[in-house]
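J.: The amino acid sequence is not available; the structure is as follows:
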């Protein structure tokens, strides 16, 4: 099977003492949207820099559409669109001038360049800025422009490294909407991020990297079912009395109760029916319920568990 | 064979794209305009004192061309390599199907072309001045040789600055270090060698003296040489050796710069 992106035992050493990547092997199918997560210094950007030909591995291979990036960078990089870290922009140019240059680098014809510039600028909501100097753009606009550059040549694979870094909430929303759109169009997306919410929102597979090694890899669905918390968080209007806490414990579907001031975390069997029953019971017992949240699959908890930390450590205060 | 030819064609085209892109930068940032303005204004200063012959006038005007060439090389080649890493535009331009060597070769050629253009402008303005002051017929025939020598020195100066741009991390550092190396360091070495009666034949700024020397007249701005025990020996560069030195500087510094730039990782 030919994978969109594949790495074989990638090792990258800096000097004698530091190993950034220690035998990373990845297999990403065509059309998959894969989140690549890990703490700072795990080796995410190093992997991406190797995949995009920015640096060479000390050993191992990286393939894009079956083409070795190190051996045949020209052929391999033709099929990739990338956004790595926070790239600089040519602030003295206009988007049209910058994209025209890159269109020519990708050997696109004049008419095609013109068409794609209009299309991509429309997609990233920069059409009105086509002839304005990039130097006058906000950070979010510059990032959207670099995304336009990444997809200008209609690549099969999109490699994104922390694409929302430094963006305001609106910018983050825009970039995530774009990634979802690329996913729906069948593009393979390899997304490195330390924002687990982002990964959970747009990816269908997650690869966890720590200290230069892949520590886990699974689909979001399976991670979700593995990490079903079976917990409901309830907030009340005022702090609970001793009697009220006892009433909570007496609800038959509730297995255990953790109370903190006016909030309580109830452990139950995780069934949707049970959640409804518990809520009805709370109302019938005259509790003043302000909010009632059934916890979704906890990617953060999964992350903590695969990174070797004690699960539940963060719940210590509840 | 076919693949190798395709690769070469692609490399040539990518280099051409890089040259165009870099020249656009010079125009958009008004860098070219500023240096070109200097190339027009500096010769005009020499109207202040007009000598008797066209040859001496040309020698006087050309005395300052070396400085202009160094400024030009520093301004155009100073950020050729390091700015890509410093401004992180390498994260846009490198993960594309073009070799780094093509990008950097294009940047070097653009710096070279811009400096050539400045030199050409300088000569054109100077010739117009000579024509106006002494008549068209008075234009020294050796100016062609001087012009070609100036182009060669431009290539050497651009290569030296390009090398520093590949070695150093910041554009401002490489521009200043490149400029100081050519304007101060080499001249100090040249001065020391001259003091101990050694001809500094291998110093490129010494070879650049050929730009005026080929005219066969001494500039009225030049220093006189006295006689006696404390007198400095006056050396003049040998034409063949001087040309060879400039070619060697141009090639060695360019190739070294390219090797460093192509292997540079951030």
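T.: Nice, thanks for sending it over. What you see is a predicted model, and the numbers here were worked out from it, not measured in a lab.
J.: Could you list the low-confidence segments of chain A?
T.: A:1, A:225-229, A:295-298, A:301, A:305, A:308-318 (pLDDT under 70).
J.: Name the residues of the helix or strand hosting residue B:123 that are buried.
T.: Under the criterion DSSP states H and E, the helix or strand holding residue B:123 is helix B:100-134. For helix B:100-134, the neighbour count (16 or more other Cβ atoms under 10 Å in any protein chain shown) marks B:100, B:102-119, B:121-123, B:125-127, B:129-130, B:134 as buried. Placement of C-beta: from N, CA and C, glycine included.
J.: Repeat that for stretch A:252-270.
T.: When neighbours are counted by 16+ other Cβ under 10 Å, the buried residues of stretch A:252-270 are found to be A:254, A:257, A:259, A:263, A:264, A:265, A:266, A:268.
J.: Who's the closest spatial neighbour of the fifth one, skipping the chain neighbours?
T.: Take residue A:264 and drop its neighbours on the chain: the residue closest to it by Cβ to Cβ, 6 or more residues apart in numbering or on different chains is residue A:234, 5.0 Å away.
J.: which of the buried residues of helix B:100-134 are close to chain A?
T.: The subset of the buried residues of helix B:100-134 within reach of chain A, by Cβ under 8 Å from any Cβ of the partner chain, is empty.
J.: What distance do you get for residue B:64 to chain A?
T.: Separation of residue B:64 from chain A (Cβ to the nearest Cβ, to the nearest Å): 30 Å.
J.: Leaving out chain neighbours, which residue sits closest to that residue?
T.: By the measure of Cβ to Cβ, 6+ apart, the closest residue to residue B:64 outside its immediate chain neighbours is residue B:42, 5.6 Å from it.
J.: Now for the one you found, how many residues are close by?
T.: 17 (other Cβ atoms under 10 Å in any protein chain shown).
J.: shaky segments in chain B?
T.: Counting by pLDDT under 70, the ranges of chain B that qualify are B:1, B:218-233, B:266.
J.: How about the residues of it by chain A?
T.: Counting by Cβ under 8 Å from any Cβ, the positions of chain B adjacent to chain A are B:7, B:10, B:14, B:17, B:21, B:24-25, B:28-29, B:87-92, B:94-99, B:265-266.
J.: For ChimeraX, write the selection for the buried entries among those residues.
T.: Of those, the buried ones go into a single ChimeraX selection, burial set by 16+ other Cβ under 10 Å:
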select /B:10,14,17,21,24,25,28,87,88,89,90,91,92,94,95,96,97,98,99
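J.: Strands - which of the residues of chain B next to chain A land there?
T.: Of the residues of chain B next to chain A, none are assigned to strands by DSSP state E.
J.: Identify the residues contacting residue 217.
T.: Defaulting to chain A. Each residue near residue A:217 by Cβ atoms under 8 Å, 6 or more residues apart in numbering or on different chains is listed here: A:26, A:205, A:206, A:207, A:208.
J.: nope, chain B
T.: Shown in contact with residue B:217 (Cβ under 8 Å, 6+ apart): B:53, B:55, B:56, B:58, B:59.
J.: Identify the residue spatially nearest to the closest residue to chain A within the stretch 151-266 of chain B, adjacent ones excluded.
T.: Nearest to chain A, among the residues of the stretch 151-266 of chain B, is residue B:265, at 5.0 Å (Cβ to the nearest Cβ). In space, residue B:265 comes closest to residue A:55 once its chain neighbours are excluded; the distance is 5.0 Å by Cβ to Cβ, 6+ apart.
J.: Please report phi then psi for that neighbour.
T.: phi -130, psi 160 (degrees, to the nearest 10).
J.: If you tally nearby residues, what's the number for it?
T.: Neighbour tally, residue A:55, other Cβ under 10 Å: 19.
J.: does residue A:177 sit in a helix or strand, and which one?
T.: Under the criterion of DSSP H and E, residue A:177 resides in helix A:169-184.
J.: Which strands and helices lie in contact with that helix?
T.: strand A:33-37, helix A:139-151, strand A:188-192, helix A:196-202 (3 or more Cβ pairs under 8 Å, 6 or more residues apart in numbering or on different chains; DSSP states H and E).
J.: Show me which residues of chain A sit near chain B.
T.: A:52-55, A:73-75, A:77-78, A:80, A:82, A:84-90, A:92-93, A:97, A:101-102, A:104-106, A:146, A:149.
J.: neighbour-wise, which of the contacts of residue B:217 leads?
T.: Taking other Cβ under 10 Å as the neighbour criterion, residue B:58 ranks highest of those with 29 neighbours.
J.: Which helix or strand lies directly C-terminal to the strand or helix carrying it?
T.: Element membership of residue B:58, judged by DSSP H and E, is helix B:54-62. Using DSSP H and E, the helix or strand that follows helix B:54-62 towards the C-terminus is helix B:65-77.
J.: Specify the angle between that next one and helix B:100-134 in degrees.
T.: Following axes from the mean of the first three to the mean of the last three Cα atoms, to 10 degrees, one obtains 150 degrees for the angle between helix B:65-77 and helix B:100-134.
J.: What lies in contact with helix B:65-77?
T.: For helix B:65-77, the external contacting residues (Cβ under 8 Å, 6+ apart) are B:26, B:31, B:34-35, B:38-39, B:42, B:107-108, B:110-111, B:114-115, B:118-119, B:122, B:150, B:153-154, B:157-162, B:165, B:175-176, B:178-179, B:182-183, B:205, B:208, B:211.
J.: Drop anything exposed from the residues you listed.
T.: Buried residues within the contacts of helix B:65-77, counting neighbours by 16+ other Cβ under 10 Å: B:26, B:31, B:35, B:38-39, B:42, B:107-108, B:110-111, B:114-115, B:118-119, B:122, B:150, B:153-154, B:157-162, B:165, B:175, B:178-179, B:182-183, B:205, B:208, B:211.
J.: about what we covered before: generate TSV for the helices and strands packed on helix A:169-184, with mean neighbour count as supplementary columns.
T.: TSV is the format used below for the helices and strands packed on helix A:169-184 (neighbours: other Cβ atoms under 10 Å in any protein chain shown):
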stretch	mean neighbour count
strand A:33-37	26
helix A:139-151	22
strand A:188-192	26
helix A:196-202	18
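J.: Reformat those into a markdown table and put distance to residue A:222 next to each item.
T.: Listed next are those as a markdown table, based on distance: least, Cβ to Cβ, whole Å:
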| stretch | distance to residue A:222 |
| --- | --- |
| strand A:33-37 | 14 |
| helix A:139-151 | 30 |
| strand A:188-192 | 18 |
| helix A:196-202 | 13 |
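J.: how about the ones you listed, which one is nearest residue A:289?
T.: helix A:196-202 (25.6 Å; Cβ to Cβ).
J.: same for that closest one, what does it pack against?
T.: Against helix A:196-202 (3+ Cβ pairs under 8 Å, 6+ apart) you get strand A:33-37, helix A:169-184, strand A:188-192, helix A:299-306.
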